[in-house]
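> okay, predicted coordinates and the sequence, questions at the end:
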Amino acid sequence: MPDRLKTAKRIVGAKQTLKAVQGGQAKEVFVARDADGRVVQPIVDLCIRNGVRITEVDSMAELGKACSIEVGAAVAAIIEEN
């Protein structure tokens with residue numbers, strides 16, 4: 001799991017990540033392998049169209065922990081610092 005998620009400016013969650021990718025703010029998107037495909041697939045497709053790097057993580061629990069939250073996370077993104 002990339003340690004940069006702990007220190008970088010990030011967002012967590014499908015809605016926020018989708019908005020960040022749409023707005024061109026997301027530099028890298030992290031997707032949990034065990035997340036519901038209906039939730040993450042639209043984000044993955046948008047990342048592919050926009051050339052945003054996608055990194056897979058083993059589980060939602062691992063991604064949540066990397067983001068310093070106490071629950072699992074389906075997706076998270078490192079965003080541009082403005």
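Okay, I see it.
> just confirm V29 is within a helix.
No - applying DSSP: H, G, I helix; E, B strand; the rest coil, one finds V29 to be strand, outside a helix.
> in what helix or strand does the closest residue to it other than its chain neighbours lie?
Spatial nearest neighbour of V29, excluding adjacent residues (C-beta to C-beta, 6 or more residues apart in numbering): A77 at 4.7 Å. Backbone N, C-alpha and C define where each C-beta goes, glycine included. A77 is part of strand 75-79, with elements assigned from DSSP states H and E.
> let's see that strand as PDB, backbone CA atoms only.
Output of strand 75-79 as PDB, limited to C-alpha atoms (Å, rounded to 0.1, in the frame of the first residue of the first chain):
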ATOM      1  CA  VAL A  75     -11.900   4.400  -3.800                       C
ATOM      2  CA  ALA A  76      -9.700   7.300  -2.800                       C
ATOM      3  CA  ALA A  77      -7.600   9.800  -4.800                       C
ATOM      4  CA  ILE A  78      -4.500  11.900  -4.500                       C
ATOM      5  CA  ILE A  79      -5.500  15.400  -5.700                       C
END
